[in-house]
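**Q** Sequence first, predicted coordinates after that:
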Amino acid sequence: MENVIAFPNLGLEVTVNRVAFNILGKDIYWYGIIIAIGFVLAIAYCSRRIDQFGFNNDMLFDALIVALPSAIVCARLYYVIWEWSYYSKHPSEIIAVWEGGLAIYGGVIGALLAVAAYGRIKRLSIPGMFDVAALGLLIGQCIGRWGNFINGEAHGTETASLFGMMVNGEGPFHPTFLYESVWNLIGFFILHLISKKCYRFRGQIFLCYLIWYGAGRAVIEGMRTDSLYVGQTDIRISQVVAIVSCIVGIVLLVMCLRQNVKTLTQLANPHADTRAVRTQEQKETQNT
């Protein structure tokens, strides 16, 4: 279960074992550990910032209780749906998440739907909750991509660039896991600064996330060799979702700034989310 990964132009080579350790005969993989680290760091950051968005830690952890299982289920469903030609013939493998096959976009959609449902039930600002989630997502996605490095997967097409990566003697390939990790890291710092210095309305950070992540993923996905496609076409599903997300984010962001709303939901209803509006106005007063 070892992978030899090298960056020949940089003079780097490392042999990594996908298995971190074994407990009672059960292999514990580095991929899962890295995902868990990303999750914990994302929660730690959100926990420190949560009060600045008008929420508290009880709300954060309550939302996580519903968001985490929803994210896992939807990540799997997203993958299975677009690989239905295989799973329709192997239905017993649909729930075999331990064998791989989780799509990040499905996970994000599932988590956001659960958070939205929780916010609606508790009468909280859903755009505000999405802002917190967006910052946490970038942390988790930045770190989580290194699980792909350990597995020697999610790389791109062959390249002669400086960062070309060899996997078990094959390649060199575009290290798309690295591109996306760095892109998400930069995006996190930008959105962190926006949330600190120029947070104009609830939902602003989330829209910026859609724009930033969508733009980067649209480009990076085009380099990958393991994409999910629409039927028998050459259309990459994640690339389409990324481009649409980016465009929607730009349009809504411009509309919100032009109309000077206090929360994203005011685009549909000027009187929506009154508690969030009051909180946002208090925050702006404190910053002036």
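**A** Everything's here; your move.
**Q** List the single closest residue to Pro175 in space, sequence neighbours excluded.
**A** For Pro175, ignoring the flanking residues on the chain, the nearest one in space by CB to CB, 6 or more residues apart in numbering is Met165 at 4.2 Å. Quick note: C-beta positions are derived from backbone N, CA and C, even for glycine.
**Q** The one you found reaches Glu158, doesn't it?
**A** No - because the distance of 10.1 Å does not satisfy CB atoms under 8 Å, Met165 is recorded as not touching Glu158.
**Q** give the contact list for the residue nearest to Trp146 when sequence neighbours are not counted.
**A** What sits nearest to Trp146 in space, not counting adjacent residues and going by CB to CB, 6+ apart, is Ile34, at 5.3 Å. The neighbourhood of Ile34, defined by CB atoms under 8 Å, 6 or more residues apart in numbering, consists of 143-144, 146-147, 150.
**Q** Look at Ile34 and report its pLDDT.
**A** Confidence at Ile34, expressed as pLDDT, is 94.
**Q** I'd like to know how many residues surround the residue nearest to Pro175.
**A** Using other CB atoms under 10 Å, Met165 has 26 neighbouring residues.
**Q** Now do the phi/psi pair for it.
**A** Recorded main-chain torsions at Met165 are phi -120, psi 130, according to degrees, to the nearest 10.
**Q** Show me what it bridges to in the sheet.
**A** Residues found in beta-bridge contact with Met165 (criterion: DSSP bridges) are Phe173.
**Q** wait, what's in contact with it?
**A** Under the criterion of CB under 8 Å, 6+ apart, the contact list for Met165 reads 5-7, 155, 171-175, 178.
**Q** Counting only strands, which of those make the cut?
**A** Secondary structure of those is defined by DSSP state E; positions in strands are 5-7, 171-173.
**Q** returning to what we had before: overlap of the contact sets of Met165 and Glu158?
**A** 171-174.
**Q** with the residues you listed in mind, which one is nearest to Val66?
**A** In terms of CB to CB, no member of these lies closer to Val66 than His174, at 36.9 Å.
**Q** Out of the contacts of Ile34, which comes closest to Glu221?
**A** Using CB to CB, the shortest approach to Glu221 within the contacts of Ile34 belongs to Gly144, at 16.0 Å.
**Q** That closest one contacts Gly38, doesn't it?
**A** Yes - distance between Gly144 and Gly38: 4.5 Å, which falls inside the contact criterion (CB under 8 Å).
**Q** what about these two, which has more around it?
**A** Between Gly144 and Gly38, counted using other CB under 10 Å, the more crowded position is Gly144 (24 against 21).
**Q** show me where the chain has helices.
**A** 30-49, 57-82, 84-87, 104-122, 126-144, 146-151, 176-197, 204-221, 237-259, 274-287 (DSSP state H).
**Q** helices or strands next to the longest one in the packing?
**A** Think helix 57-82. helix 30-49, helix 104-122, helix 126-144 (3 or more CB pairs under 8 Å, 6 or more residues apart in numbering; DSSP states H and E).
**Q** Pipe these into TSV and attach distance to Glu83 per row.
**A** Formatted as TSV, the entries for the helices and strands packed on helix 57-82 read as follows, by distance: least, CB to CB, whole Å:
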stretch	distance to Glu83
helix 30-49	19
helix 104-122	12
helix 126-144	21
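**Q** between those helices, which one is nearest to Ile235?
**A** helix 104-122 (14.6 Å).
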